[in-house]
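[1] this one's structure only:
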C-alpha cells in the first residue's frame, strides 16, 4: 500500500517466518519492487531441527529469501542452536542438533549461489558458480527411512560420485560415504528424521 516515493526509500523487504507469512506475495512484491527479501527472524522449540530445516527450505526455495537469520543462537527449551539455561549462573552449554541442521545449509550454500527449482518439496538445490557445484539439501522428517532419486538432466558432470553429509540422531553434519552418479542420476538414502 506504500506509494512510489515511500517504497523507493525502503532498502529491503524483511519478514519473520514463524508461519510462512504469504511467501508468494512477498516474493512477488520483492521482485516487482527490486528489493532484497530477507528473513530476519525465525525460531522454534523443535529439538530435532527438522522444523527448522523445512522452514529454511521453504523460505529460500519458495519465497527466495536472500538472507535467512535464526532468532536465538543460545537458549534453552529446544530453541537455541546452543543450549544453555541462560539463568546467569549455569555456564554449561551443549551444541544442539539444530546447530548441525543449520550447518547442512550454511556450510555448503554460500553467498552468490543461485537457487535452482526442483520438483521436490523436501529439497533445496543451488548452483555455486564459483566452485561449479550443485548443492542439494534434502530433509526426511518421516519416522521411517526414505529414498529419493535425483536426476541431473542437462548438467555436465565432472565426477561419478557426489560428496554427502548428514545430520541425524547419530550424526552431526558428518561426511558419509559418497553417492554414486550413474546415468545422470543418483539415489539418496535418507534415514528417518535426517537432513
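    Perfect, thanks for sending it. None of these values were measured; they are calculated from a predicted model.
[2] now do stretch 102-122: distance to the chain's middle.
    Mean-position distance between stretch 102-122 and its chain equals 6 Å (C-alpha atoms, centre = their mean, to the nearest Å).
[3] count of residues packed around the residue nearest to residue 76 when sequence neighbours are not counted?
    Of all residues not flanking residue 76 in the chain, residue 85 sits nearest, at 4.8 Å (C-beta to C-beta, 6 or more residues apart in numbering). Using the backbone N, CA and C atoms, a C-beta is placed for each residue, glycine as well. Close neighbours of residue 85, defined as other C-beta atoms under 10 Å, add up to 15.
[4] which residue is nearest the centroid of this structure?
    residue 56 (3.9 Å; C-alpha atoms, centre = their mean).
[5] and that one, that's in a helix?
    Yes. Applying DSSP: H, G, I helix; E, B strand; the rest coil, one finds residue 56 inside a helix.
[6] ok, it to residue 170 distance?
    Applying C-beta to C-beta, to the nearest Å, the value for residue 56 to residue 170 is 22 Å.
[7] still on that earlier bit, the residue nearest to residue 76 contacts residue 79, correct?
    No. Look at residue 85 against residue 79 with C-beta atoms under 8 Å: they stay out of range, at 11.6 Å.
[8] tell me which residues are up against stretch 127-143.
    Here stretch 127-143 makes contact (C-beta atoms under 8 Å, 6 or more residues apart in numbering) with 48, 50, 53-54, 57, 104-105, 108-110, 112-114, 116, 118, 120, 122-126, 146, 148, 150, 152, 155, 158, 188, 190-195.
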